[in-house]
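[1] Pasting the sequence and the predicted model now:
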Amino acid sequence: MESRVVLLTGATGKLGRQLTAHLLDQGHRVIATGRSQESLTALQQFVEKTDSLVLLQADFLAEDTLTGFLETLLQLSLLPDVLINNARSVDTLKINEDGTVARQNFLDEFLMDVVIPYELTMGLHQLMPSQLKSVVNIGSIYGVVAANPSLYADPVHDSPIQYSVAKAALAHLTRELAVRLAPQDIQVNCVAYGGVEGRVDKRFKAQYARLCPQGRMLDERDIVGPIDFLLSASSTAMTGQVLVVDGGWSVW
């Protein structure tokens, strides 16, 4: 596979760490962002290859972050040709005791999942000189189908509605940007992952398996394959697509 310069947001989370390590192993240069220096240091300790890893602290929820971040990329001569929008914040997923969502939490989740990927994509596209050729948005099956209440002990509080709605909007943002950026030969795609092992208890894992055609949750091997495909020459004719990777969860 051709070596790429990849900007990966949310690189310090569970998926982000696995993607960072894998992309480095594949010979790519990775610009990894995280909200705190502590989380970035932990990421550096997690991966084995650091020669091609650049760590940048950035809280994209703050209004003045994007401009300064783009200026930093220019100053360091870091011109990514791939953007992977993976940033997350558990703070935006809070649910009130009565099961409703505070307006600010809804707005912040939409900001994190839709507005920030849009701003980063357009910011990199307009950066001169621009090298951007591929954008991959990290989505979820809950942007494709509604949450199944049978999976949760407490569906209202354990499955935040703002997350699902924002991920659905991210899927459509993918289509809109694909159309608008196609004349510049920029691909925009989305990977909608199913549930991933590692953060759930045995009850949840067993119930998920019963509800999924493949009878299991995803593991790290399932995470990296679709990204490899979208970064390879084999996917040059793909844009505006939501690639669902869920073990069959969404087919019934």
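    Thanks, I have the structure now.

[2] Please count neighbours and contacts with C-alpha atoms only from this point.
    Will do.

[3] For Pro80, give me its contacts.
    4-7, 131-132 (C-alpha atoms under 8 Å, 6 or more residues apart in numbering).

[4] Could you tell me the model confidence score at Gln126?
    Gln126 carries a pLDDT value of 96.

[5] Look up how far Phe60 lies from it.
    18 Å (C-alpha to C-alpha, to the nearest Å).

[6] Looking at the two now, which is surrounded by more residues?
    Phe60 (21 against 12; other C-alpha atoms under 10 Å).

[7] and the more buried one, helix, strand or coil?
    Three-state call for Phe60 (DSSP: H, G, I helix; E, B strand; the rest coil): coil.

[8] any low-confidence regions in the protein?
    1 (pLDDT under 70).

[9] what ranges do the helices span in it?
    With DSSP state H as the criterion, the chain has helices at 14-25, 37-46, 65-75, 103-110, 116-126, 155-158, 161-181, 202-211, 220-231.

[10] Quick check: buried residues in the second one?
    Going by neighbour count (16 or more other C-alpha atoms under 10 Å), the buried part of helix 37-46 is 39-40, 43-44.

[11] What of the longest one?
    Of the residues in helix 161-181, those buried by neighbour count under the rule 16+ other C-alpha under 10 Å are 161-175, 177-178, 181.

[12] Give me the angle between that helix and helix 116-126.
    In terms of direction (axes from the mean of the first three to the mean of the last three C-alpha atoms, to 10 degrees), helix 161-181 departs from helix 116-126 by 20 degrees.

[13] Same question for the second one.
    Here helix 37-46 runs at 70 degrees with respect to helix 116-126, directions being taken by the same axes, to 10 degrees.

[14] Check which helices and strands helix 37-46 sits against.
    Using 3 or more C-alpha pairs under 8 Å, 6 or more residues apart in numbering; DSSP states H and E as the contact test, the elements touching helix 37-46 are helix 14-25, strand 53-57.

[15] what packs against the longest one?
    Judged by 3+ C-alpha pairs under 8 Å, 6+ apart, the packing partners of helix 14-25 are strand 29-34, helix 37-46, helix 220-231.

[16] what does that helix contact?
    8-11, 29-30, 32, 43, 46-50, 52-53, 86, 220, 223-224.

[17] List the contacts of the residue nearest the centre of the chain.
    Central residue of the chain (C-alpha atoms, centre = their mean): Asn86, 2.3 Å from the mean position. Shown in contact with Asn86 (C-alpha under 8 Å, 6+ apart): 8-11, 16, 137-138.

[18] what's the answer for Leu70, then?
    Going by C-alpha under 8 Å, 6+ apart, the list of residues near Leu70 reads 123-124, 127.
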